[in-house]
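**Q** Sequence isn't available, so here's the structure alone:
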């Protein structure tokens, strides 16, 4: 049988990317790709990687937090990380800079949800690669496994480009192609007579 890559963490998919199938009924997750930051018997938590929040800019957010912004973030977007705790900021970042509260997701990606990391980011001394999201996606015990069994999600290995790449609009297609599948071949009509 051999070892499937997903069996490494006792079947848990921490550090993997979920790709929403075209049949995804929840509009918040239509064509979403989500980095799973935590997955265990208590449930799962992840950050949506490919949905920009146009309503708020880096400048607006840092002004609200009263953090002086000295670095230039005009080309950076704030992301919709998910519908849970949508006022709370989560910074996915490269592991060149780690805070004591950072959670290592894999050797290249960490998650930090503290103002200290945002302050270092604002001053230009933060990690090399970052994705700032408001909110997260959460699943209760067994819920994500059930959704995967019902073909709601495909799973692919994470890579820095999918996580930190600036072109949100093509991340879903890029993730699907990583599986060796043509995104056009995935129709919303699959499985319907």
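**A** Cool, the structure landed. No experiment lies behind these values; they were computed from the predicted model shown.

**Q** what sits against residue 175?
**A** 17, 19, 33, 156, 162 (C-beta atoms under 8 Å, 6 or more residues apart in numbering). C-betas here are computed from N, CA, C, even on glycine.

**Q** Quick check: the farthest pair among the residues you listed?
**A** Farthest pair in the contacts of residue 175 (C-beta to C-beta) is 19 and 162. Separation: 9.7 Å.

**Q** Helix, strand or coil: sort out the nearest residue to residue 137 once chain neighbours are set aside for me.
**A** Counting by C-beta to C-beta, 6 or more residues apart in numbering, residue 137 lies nearest to residue 82, which is 3.4 Å off, once chain neighbours are set aside. Following DSSP: H, G, I helix; E, B strand; the rest coil, the label given to residue 82 is coil.

**Q** Next: the one 3 residues further on.
**A** Three-state call for residue 85 (three-state DSSP): strand.

**Q** Next, count neighbours for it.
**A** Residue 85 has 14 neighbours, counted by other C-beta atoms under 10 Å.

**Q** Quickly note the distance from it to residue 137.
**A** According to C-beta to C-beta, to the nearest Å, residue 85 and residue 137 sit 11 Å apart.

**Q** one step back: please flag which of the contacts of residue 175 sit within helices.
**A** Judged by DSSP state H, those include residue 162 as members of helices.

**Q** In ChimeraX, how would I select just the buried ones from the contacts of residue 175?
**A** Only the buried entries of those go into this ChimeraX selection, using 16 or more other C-beta atoms under 10 Å:
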select :17,19,33,156,162
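
**Q** taking the contacts of residue 175 one by one, which sit in strands?
**A** 17, 19, 33, 156 (DSSP state E).

**Q** Can you classify the nearest residue to the second one once chain neighbours are set aside as helix, strand or coil?
**A** Of all residues not flanking residue 19 in the chain, residue 154 sits nearest, at 4.3 Å (C-beta to C-beta, 6+ apart). Secondary structure of residue 154, reduced to three states by three-state DSSP: strand.

**Q** follow-up on the earlier one: quick check: the residue nearest to residue 137 touching residue 88?
**A** No - with contact defined as C-beta atoms under 8 Å, residue 82 does not reach residue 88; the gap is 10.3 Å.
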